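**Student:** give me a model of this one.
(one chain, ligands or ions: 1)
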Amino acid sequence: RNRVVLCTVMVMVGTLIAGFAGALTRGPAPEVSPRLLTDSEGRTLFLRGFNTASSAKNPTGLADLTEEDVAREYSDMGTNFVRLLLQWQAVEPEPGEIDQDYLDEVEKRVGWYEKRGYHVMLDMHQDLYSTYTSSEHVAGNGAPEWATQNDRLPVAEDLDMWELYYLEPGVIRSFDNFWGTSDNDLDLMDHYAKSWGAVAERFADNEAVLAYDLMNEPWGGTLQAAEFERGPLAEFYRRSIAEIRQSDSDTWLFVEPQAVGVNWGMTSALPAFDDPRDGEDRIGFAPHLYPLPMDLGKSYASAKEEVDDALATWEDSVLRTAERLDAPVILGEFGLDATAPGALDYVDAVIDMTERTGMGYAYWSNDPGSWGPYNGDGEPQPLADTLNRAYPRAVAGEPLSISTTDIHLTLSYRTDPQVTAPTEIYLPESFGAGGGSVSCGADCETNWDAERRVLSVTQAPESGVAAVEVRAA
Ligand SMILES: CN(C)c1ccc(C(=O)NC[C@H]2N[C@H](CO)[C@@H](O)[C@@H]2O)cc1
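**Tutor:** Now for the predicted structure:
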């Protein structure tokens, strides 16, 4: 723990100095994402969902998930998005051999979400590079055994904090051999990129798959911060983008910054990426949010001011990076022990921020337990109510303002004559069985789907600015 704290302090001091220097030379951060994701009908999307799930961090690469779980999640919380975890070790169990049976299983699960109108982001997940960095398989997931080259360096067997394994010699060497910073060639990186190519070949025409998240929480091993992000990490992203675009020209490709520092609010140094597709680039930015005061054990109730400051710094840093990348933002992970003092207020604060900035989000995670919406016995916890929140699933134009409580929603947007599909708004049970009372101007039509709890609003496209207000009945 001391090493993690020391590492943290050193990273913070270095970045604060750099940040201060930077602040002397840069203007205000944007207030909203520079681009927003749209669906196939041109509607602006507000993505609300979960990471599914930590239980996928195993050699099968499949989460403990049934179609009934998906149906229940929608019924309980009205989500429309999932960050679906994959494992490279399951995609390419042997060098150059793609396991199509595994992709069949993934495709079946994507189908469960597609049936219910979800958008899917496939996340090639890793933590600590792989479980094969040590013979005891003490921690980690992601890379297959053949791609885990730790040069027989040691990995401790009983660290009390999983994050400490990132500092173990065998883990660092495994990453260095992947990134090519240990005089290895980039053969492993090419295998990973080609595995993405195989996944893209499978899902290129799948309407439900909106995005690929190219690597979860990258770690540079002996290389850190800008040298890592602008060096081997950027090269990995460029190779993965090239492999994917050989068969898939439309799915969004999301890049993540290095986790350390950026999860807490420090600014990523990732460069912008070219997208070799016809039409506008489709490169997104998918940071994670874990404020350092809470990573160090403080609750939101006991450290609200510190955490709010960290959240504001994170928002500023992320929007600056998104502006540089000209990218929409999906908050790929945020979460906490939802039973801790003030935890649900923190969740509300983060969701308010995503509404204000136009970010999508996937909560970490829907595994049963104190962090998730269901406890170890599968019973709903107060977090499920907090996440069961009114939101505009899809907006037929450019969103201008959103405000939601559990009994009142207002939404204004600039209509787009090219978009004829209706604006869709999810309303939880607190708005009443009939979906509440709606006002939306003279020339608008509404429809209430009681089963999906979705209000559809159709404005004349030439309306200009549309204003919708819903009050609980
Ligand atoms: C030292 N390094 C490199 C490090 C430390 C801590 C995290 C982390 O907390 N991540 C937050 C959550 N994300 C993963 C899944 O992506 C979860 O297991 C973590 O709780 C990441 C990296």
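**Student:** state the distance from the residue nearest to residue 466 when sequence neighbours are not counted to residue 440.
**Tutor:** Closest residue to residue 466 apart from its sequence neighbours, by CB to CB, 6 or more residues apart in numbering: residue 459 at 4.4 Å. Placement of C-beta: from N, CA and C, glycine included. Separation of residue 459 from residue 440 (CB to CB, to the nearest Å): 7 Å.
**Student:** ditto for residue 51
**Tutor:** Plainly put, residue 51 is 34 Å away from residue 440 if you go by CB to CB.
**Student:** who's more crowded, those two?
**Tutor:** Neighbour comparison, residue 51 and residue 440: the larger count goes to residue 51, with 27 against 20 (by other CB atoms under 10 Å).
**Student:** check contacts around the more buried one.
**Tutor:** The neighbours of residue 51, taking CB atoms under 8 Å, 6 or more residues apart in numbering as the test, are 82, 83, 85, 123, 332, 333, 335, 362, 363, 364, 365, 366.
**Student:** ok, 10 Å please
**Tutor:** 63, 82-85, 121, 123, 125, 216, 288, 332-335, 362-367, 372 (CB atoms under 10 Å, 6 or more residues apart in numbering).
**Student:** now residue 450
**Tutor:** 433, 434, 435.
**Student:** next one: residue 229
**Tutor:** If you count contacts by CB under 10 Å, 6+ apart, residue 229 has them with 218, 220, 223, 237, 255-258, 262, 268-271.
**Student:** would you say it is within a helix?
**Tutor:** Yes: when classified by DSSP: H, G, I helix; E, B strand; the rest coil, residue 229 is found to be part of a helix.
**Student:** does residue 202 sit in a helix, a strand or a coil?
**Tutor:** helix.
**Student:** isn't it right up against residue 101?
**Tutor:** No: checked against CB atoms under 10 Å, the pair residue 202 and residue 101 is beyond contact range at 11.7 Å.
**Student:** packing partners for the helix or strand hosting residue 171?
**Tutor:** In the assignment (DSSP states H and E), residue 171 maps to helix 169-179. For helix 169-179, the elements it packs on are helix 187-203, helix 234-245, judged by 3 or more CB pairs under 10 Å, 6 or more residues apart in numbering; DSSP states H and E.
**Student:** again, only this time at 7 Å
**Tutor:** The criterion is 3 or more CB pairs under 7 Å, 6 or more residues apart in numbering; DSSP states H and E, and the helices and strands that helix 169-179 contacts are helix 187-203.
**Student:** what angle do the helix it packs on and helix 234-245 make?
**Tutor:** Orientation of helix 187-203 against helix 234-245 (axes from the mean of the first three to the mean of the last three CA atoms, to 10 degrees) gives an angle of 30 degrees.
**Student:** may I see the buried residues of helix 187-203?
**Tutor:** For helix 187-203, a neighbour-count test (16 or more other CB atoms under 10 Å) marks 188-189, 191-203 as buried.
**Student:** got it, and stretch 352-363?
**Tutor:** For stretch 352-363, burial by neighbour count (16+ other CB under 10 Å) applies to 353, 354, 355, 357, 358, 359, 360, 361, 362, 363.
**Student:** now the two most distant members of those.
**Tutor:** 358 and 363 (17.6 Å; CB to CB).
**Student:** poorly predicted segments of the stretch 351-473 of the chain, please.
**Tutor:** For the stretch 351-473 of the chain, applying pLDDT under 70 flags no range at all.
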